[in-house]
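Novice: after the sequence you'll find the predicted model.
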Protein chains: 2
Amino acid sequence: MVGTPRERARAATMEEITRIGRVHLAEHGAAALSLRAVARDLGVVSSAVYRYVASRDDLLTLLLVDAYGELGDAVEAAVARVPADRHRDRFLALGHAVRAWALAEPSRYALLYGAPVPGYRAPEESTVEPGTRVPRTMVRIAADALAAGALDEPTPAVDEPVPAALGVGLDAIREQFDVALPDDLLVRGVLAWSAVFGCVSFEVFGQYGPDRLGDPDALFERHLAVLADDLGLRAGG
Amino acid sequence: MVGTPRERARAATMEEITRIGRVHLAEHGAAALSLRAVARDLGVVSSAVYRYVASRDDLLTLLLVDAYGELGDAVEAAVARVPADRHRDRFLALGHAVRAWALAEPSRYALLYGAPVPGYRAPEESTVEPGTRVPRTMVRIAADALAAGALDEPTPAVDEPVPAALGVGLDAIREQFDVALPDDLLVRGVLAWSAVFGCVSFEVFGQYGPDRLGDPDALFERHLAVLADDLGLRAGG
DNA sequence: TCGATTGCGAGAGCGGTGCTCTCGCTTTCG
DNA sequence: CGAAAGCGAGAGCACCGCTCTCGCAATCGA
């Protein structure tokens, strides 16, 4: 019970708006998210909602951060459930958690990883941090495995060292995520990250066709295994 | 000069509508595609457009097929430009063509590979064929390489054979695309397909951040190399 | 050739959207 | 206790998808 009654009422209304927004998002998708509809469910006239949310885009940002947070929680919890020395299994758990959340929340997943809503630009200051939790976790798994000597460094697919500009970008990752991974492994980490979401997106967005290749669970399992191999993550370590 | 004047006028109007729609799509994105705006550009009242297009979704389908066709053309042309016996280079050319088209036409790429527009269901009969041209081309490259003995079959990442249901799905691909690839290679082909689009989507949709990791060209190049290795495509063959 | 049919554009209209502004009421605070 | 700030209601603007009717013009069959 903190703050003045007015402040508490405001916080409660904010909470209620995100709750209703989350429901609408899940049921009808991002593009169909309507501020007026939220207002109706809130039992209030449409203009009143603008006291709490500056615009429809602002509401979208609210829900974006909310969804990133939930996905990040789910992924980190799933990884933490695996013993710290089973690096490959941690990677697999991360993949499974991403996929499970995406299949359970396709509309909210689409908000995060589908095409950006046209005309809408997510404000970086509020979305970068929650949005980097999954790649941070993945890169950390690889870094931990490497530090523990449990990672068989793959032979680079390209012989030359990375160009300077890419090196700068990779340095930025190393600094931002506080990991010590050689260039090639970091590049493979980015690939694994992109590929996991590529596979999940294809499945959730229907690119695999209506029958989803018969057994999407098994397909994803095998894809994860290839990506784990690419990262040099040994079975059982 | 075929058909009655009325038929030709109708065809010309149809053409004009898709042309204007394409421009709007490229400029403002799918969700902002407005039938009324198209009508304005066409110099006609909004209701008149409904003589040609049943609904906004119908217009979207038109543009969807149009975009799939253009991407398919670009990819097939790029692959055909590489000698048929340079299988790895063909694969790389495919990847580069997908990325180049996506970067040149982000809104139309988003229509194809972003989140499906909510409430909109693409009619399968008109979108499946143009939508499968890229994966068909990719799988064919691998099949050609295998048939030519230019493919080093990778050691499977998973020891057990694929489950029955997945086998059925893979059989469907083999039949639909008329290729003879063993299960593991086909699974890797699907992964390569998903991963290429995952990388491209992340780049186009901004997941790599505003600086795009410094040198997105070089990053993608290395990612393609890893995926080519995963498929067993030797350098120079 | 002429009448019937068909295609087509204009216009009005319905219910929906995001968003702005003003007007009172109420809570809060100095 | 009075001024200030927060808040909800309501009207209003411009836009959207979509439907319907009406009248004109092109087309086609007898």
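Specialist: In hand now; what should we look at?
Novice: and residue A:218, what is it in contact with?
Specialist: Shown in contact with residue A:218 (C-beta atoms under 8 Å, 6 or more residues apart in numbering or on different chains): B:162-163, B:165-166. Every residue, glycine included, has its C-beta placed from N, CA and C.
Novice: want to try a markdown table for these, with neighbour count as columns?
Specialist: Converted to a markdown table, the contacts of residue A:218 look like this (neighbours: other C-beta atoms under 10 Å in any protein chain shown):
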| residue | neighbour count |
| --- | --- |
| B:162 | 22 |
| B:163 | 16 |
| B:165 | 16 |
| B:166 | 22 |
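Novice: from those, which is closest to DNA strand D?
Specialist: Nearest to DNA strand D among the contacts of residue A:218 is residue B:165, at 37.1 Å by C-beta to the nearest atom of the strand.
Novice: could you look up the next helix or strand downstream of the one helix or strand that closest one maps to?
Specialist: Per DSSP states H and E: residue B:165 is located in helix B:164-177. Downstream of helix B:164-177, the next assigned helix or strand under DSSP H and E is helix B:183-204.
Novice: in CSV, list the C-alpha atoms belonging to that following helix.
Specialist: Written as CSV, here are the backbone C-alpha positions of helix B:183-204 (Å, rounded to 0.1, in the frame of the first residue of the first chain):
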residue,chain,number,x,y,z
ASP,B,183,16.1,-37.9,-44.3
ASP,B,184,19.0,-36.3,-42.5
LEU,B,185,20.0,-34.2,-45.5
LEU,B,186,16.4,-33.2,-46.1
VAL,B,187,16.1,-32.1,-42.4
ARG,B,188,19.3,-30.1,-42.9
GLY,B,189,17.8,-28.6,-46.0
VAL,B,190,14.8,-27.4,-44.1
LEU,B,191,17.0,-26.0,-41.4
ALA,B,192,19.1,-24.1,-44.0
TRP,B,193,16.0,-22.7,-45.5
SER,B,194,14.6,-21.6,-42.2
ALA,B,195,17.9,-20.3,-41.1
VAL,B,196,18.5,-18.2,-44.2
PHE,B,197,15.1,-16.6,-43.8
GLY,B,198,15.7,-16.3,-40.0
CYS,B,199,18.9,-14.3,-40.6
VAL,B,200,17.4,-12.2,-43.3
SER,B,201,14.3,-11.5,-41.2
PHE,B,202,16.4,-10.5,-38.2
GLU,B,203,18.4,-8.1,-40.3
VAL,B,204,15.4,-6.6,-42.2
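Novice: show me which residues of the helix or strand of chain A with the lowest mean pLDDT are buried.
Specialist: Between all helices and strands in chain A, the lowest mean by mean pLDDT, DSSP states H and E belongs to helix A:124-131, at a mean of 89. By 16 or more other C-beta atoms under 10 Å in any protein chain shown, the buried positions in helix A:124-131 come out as A:127, A:130-131.
Novice: ok, of those residues, which one's closest to DNA strand D?
Specialist: Lowest distance from DNA strand D to the buried residues of helix A:124-131 (C-beta to the nearest atom of the strand) belongs to residue A:127, with 24.5 Å.
Novice: what residues does stretch A:56-65 touch?
Specialist: Contacts to stretch A:56-65, defined as C-beta under 8 Å, 6+ apart, come from residues A:17-18, A:21-22, A:25, A:30, A:33-35, A:38, A:53, A:108, A:111-112, A:117, A:119-120, A:122-123, A:126-127, A:130.
Novice: where does residue A:237 land on pLDDT?
Specialist: Residue A:237 is assigned 80 on the pLDDT scale.
Novice: for it, which three-state class applies?
Specialist: Residue A:237 carries the three-state label coil when classified by DSSP: H, G, I helix; E, B strand; the rest coil.
Novice: neighbours around it, how many?
Specialist: 15 (other C-beta atoms under 10 Å in any protein chain shown).
Novice: spatially, which residue comes closest to it, not counting chain neighbours?
Specialist: With C-beta to C-beta, 6 or more residues apart in numbering or on different chains as the criterion, residue A:237 has its nearest non-adjacent residue at 4.0 Å, and that residue is residue A:150.
Novice: likewise residue A:232?
Specialist: Leaving aside its chain neighbours, residue A:232 sits nearest to residue A:152 (4.3 Å; criterion: C-beta to C-beta, 6+ apart).
Novice: over to residue A:100?
Specialist: In space, and not counting its chain neighbours, residue A:100 is closest to residue A:74: 7.5 Å by C-beta to C-beta, 6+ apart.
Novice: right, and the one you found touches residue A:97 too?
Specialist: Yes - contact criterion C-beta atoms under 8 Å: residue A:74 and residue A:97 qualify, at 5.2 Å.
Novice: more neighbours: the two, which one.
Specialist: A direct count of neighbours by other C-beta under 10 Å for residue A:74 and residue A:97 places residue A:97 higher, at 22 against 17.
Novice: secondary structure element for that one?
Specialist: Taking DSSP H and E as the definition, residue A:97 sits inside helix A:87-104.
Novice: what helices or strands is that helix leaning on?
Specialist: Here helix A:87-104 touches helix A:56-80, helix A:106-113, helix A:133-147, helix A:183-204, helix A:216-230, going by 3 or more C-beta pairs under 8 Å, 6 or more residues apart in numbering or on different chains; DSSP states H and E.
Novice: cutoff 6 Å now
Specialist: For helix A:87-104, the packing partners by 3 or more C-beta pairs under 6 Å, 6 or more residues apart in numbering or on different chains; DSSP states H and E come out as helix A:56-80, helix A:133-147, helix A:183-204, helix A:216-230.
Novice: most tightly surrounded among the ones you listed?
Specialist: With neighbours taken as mean count of other C-beta atoms under 10 Å in any protein chain shown, those reach their highest mean count in helix A:183-204, at a mean of 25.
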